[in-house]
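> coordinates only, sequence not included:
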């Protein structure tokens, strides 16, 4: 990473982190909206709970709310850069469980319901655990002033 004399990331690094944060945050918001509200063809809480129940996750409605809220609110927090490391932990755990319980048995490729997509989101979430939200974020504004 290129840094300036004040040990700040270069503007290019800040743009890259911002872009990754926005894209990954929006992806999580959209998936959370499907689970919570039935938006974009999702099943809402009832459909999500039904699916979780079929996987043996109990209590299914509780876990539907947890996962939906982690994805929706975590995605918003990630997009604006609020509590980036902590949100990254929650989202990484979410993706790890989804990957192992739901997707890994289907192989690698997303077209077959495999682990490819959740593995990518897991890696992006882990990035934010290690790096944080970056300079151009709520966290960055709070730490600079």
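Sure thing, it's come through. Keep in mind that what you see is a predicted model, and the values were worked out from it rather than measured.
> tell me the SS of the most centrally placed residue in the chain?
Nearest residue to the geometric centre of the chain (C-alpha atoms, centre = their mean): residue 91, 4.3 Å. Assigned by DSSP: H, G, I helix; E, B strand; the rest coil, the conformation of residue 91 is helix.
> setting aside sequence neighbours, what's the nearest residue to it?
residue 125 (4.0 Å; C-beta to C-beta, 6 or more residues apart in numbering). Backbone N, C-alpha and C define where each C-beta goes, glycine included.
> got the residue ranges for the helices in the protein?
In the chain, the helices defined using DSSP state H lie at 11-37, 44-54, 60-80, 84-98, 116-131, 138-144.
> let me have these in TSV, adding mean pLDDT and distance to residue 108 as columns.
As requested, these are exported to TSV (pLDDT from 0 to 100; distance: least, C-beta to C-beta, whole Å):
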stretch	mean pLDDT	distance to residue 108
helix 11-37	97	19
helix 44-54	97	21
helix 60-80	98	22
helix 84-98	98	15
helix 116-131	98	5
helix 138-144	88	34
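> many thanks, have a good one.
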